[in-house]
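> Requesting a structural model of the entry that follows:
(one chain, ligands or ions: 2)
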Amino acid sequence: MTRRLVRGGVDQAAAAIRAGGLVAMPTETVYGLAADATDPIALARIFEIKGRPHDHPLIVHLADPENLAVWAPDAPDSARRLAACSWPGPLTLIVPRSDRLPAAVAGGRNSVGLRVPAHPMARELIRSAGVPVAAPSANRFGAVSPTTAGHVIADLGDLLNPDRDVVLDGGPSPIGVESTIVDCTVDPVQVLRTGAVTAEQVRSILDADVVGAAGPSRASGMLASHYAPRCEVRLVDTADDAAALAAGTTGARILDLTDDVARYGRELYTALRFADNEGVRVVIAVLPAAEGLGHAIRDRLTKAAAPRI
Ligand code: TXA
Ligand code: MG
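Ligands and ions are numbered 1, 2, ... in the order given. The predicted model follows:
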């Protein structure tokens, strides 16, 4: 029955957005639950279906880098430079929110996160809808992000309305972890969430200092426990440590894709979901080296392993 939600056509999905409906949108990072970013009623449904607190800001997705000037006329120089070098791509820029975007999309803040996704289907959808689309990851709040249309159906299929909403199937997300978030409203800019665009890349584009998140937790991804599957997750540094721990643990499964970090990113959330579906009690995950995309994978695994609230 929920299969009725899955429709291939971008045109139909764009019409759903324009009519105030929701569209599960494939992106290169993870699937997003998209709605017209200028429509507070459609936005309210995103928060409701995700079970997300209203003060948690959404990312607004634009079709083209040139649109930054339209939707964020006060974007600082750092944001313009990062957009010019990294969009379309897995980088979200926090910039001052203009009155053209409602406060609801930003959880009431006067800043907003903007991103131009690289997935062709996402860009076609946004272009065809003719409005920027707000899209959090298309999962229930706090759970593991979806990287396939099937994941979205499993998480939200019963909550979406086949008469109004659409799940677009764009295949598996090629990166598999959420975008890097850089707060450009502060100087030096802060990396609030790590992703496929590294802090080193941001530093070299800006030729300036880049720091980690300081001050109160400002991105939900910064909550200690987030991106959490149902099973317990334990972290180890080597394959040998994983084998030793597994030997003494009932219902354990080892997750180790450290020999191919890009694949680790692509398959991380699928592996955690699969473990849950199989009734695995403990996933023993080997941490990748702290370099490149490895930083983001370590971050998500650490949050998946954090004590649950
Ligand atoms: O890769 C991604 O970014 C995916 C795809 C769909 O684009 N989206 C995503 O959205 O991960 P979400 O809602 O799951 O995570 C958005 C993060 C949250 O941690 C939120 O707090 C932060 O972005 N964020 C958004 N606007 C912000 C703002 N104005 N200030 C600080 N953090 C902000
Ligand atoms: Mg999320």
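
> lowest-confidence helix or strand of the protein?
None of the helices or strands of the chain scores lower by mean pLDDT, DSSP states H and E than strand 210-212, at a mean of 94.

> List the contacts of it.
The list of residues contacting strand 210-212 from outside it, by CB atoms under 8 Å, 6 or more residues apart in numbering, reads 182, 188-191, 199, 202-203. Just so you know, the C-beta spots here come from the backbone N, C-alpha and C atoms, and that holds for glycine as well.

> Tell me which of the residues you listed fall in strands.
182, 189-191 (DSSP state E).

> Can you pull the domain assignment for this protein?
Per the record, the chain has its domains at 2-212, 232-305, by automatic domain parsing.

> is any part of the first one close to ligand 1?
Yes. If you take CB under 6 Å from any ligand atom as the test, domain 2-212 does meet ligand 1, through 27, 29-30, 32, 56-59, 92, 94, 106, 109, 111-113, 115, 117, 135-137, 178-179, 181, 192.

> quick one: that domain to chain centroid distance?
Here domain 2-212 is found 8 Å from its chain centre; the criterion is CA atoms, centre = their mean, to the nearest Å.

> How about the helix or strand harbouring H295 and ligand 1, touching?
Per DSSP states H and E: H295 is located in helix 294-305. No. Using CB under 6 Å from any ligand atom, helix 294-305 stays clear of ligand 1, with a minimum separation of 10.4 Å.

> following the least confident helix or strand of the chain, which helix or strand comes up?
Once the chain leaves strand 210-212, the next helix or strand it forms, by DSSP H and E, is strand 232-236.

> Quick one: residues in contact with that next one.
242, 245, 272, 281-287, 301-302, 304-305.

> Compute the inter-axis angle for that strand and helix 294-305.
Put simply, strand 232-236 runs at 140 degrees to helix 294-305, going by axes from the mean of the first three to the mean of the last three CA atoms, to 10 degrees.

> what angle do the helix or strand just after strand 232-236 and strand 232-236 make?
The C-terminal neighbour of strand 232-236 among helices and strands, as given by DSSP H and E, is helix 239-247. For helix 239-247 against strand 232-236, the angle by the same axes, to 10 degrees is 140 degrees.
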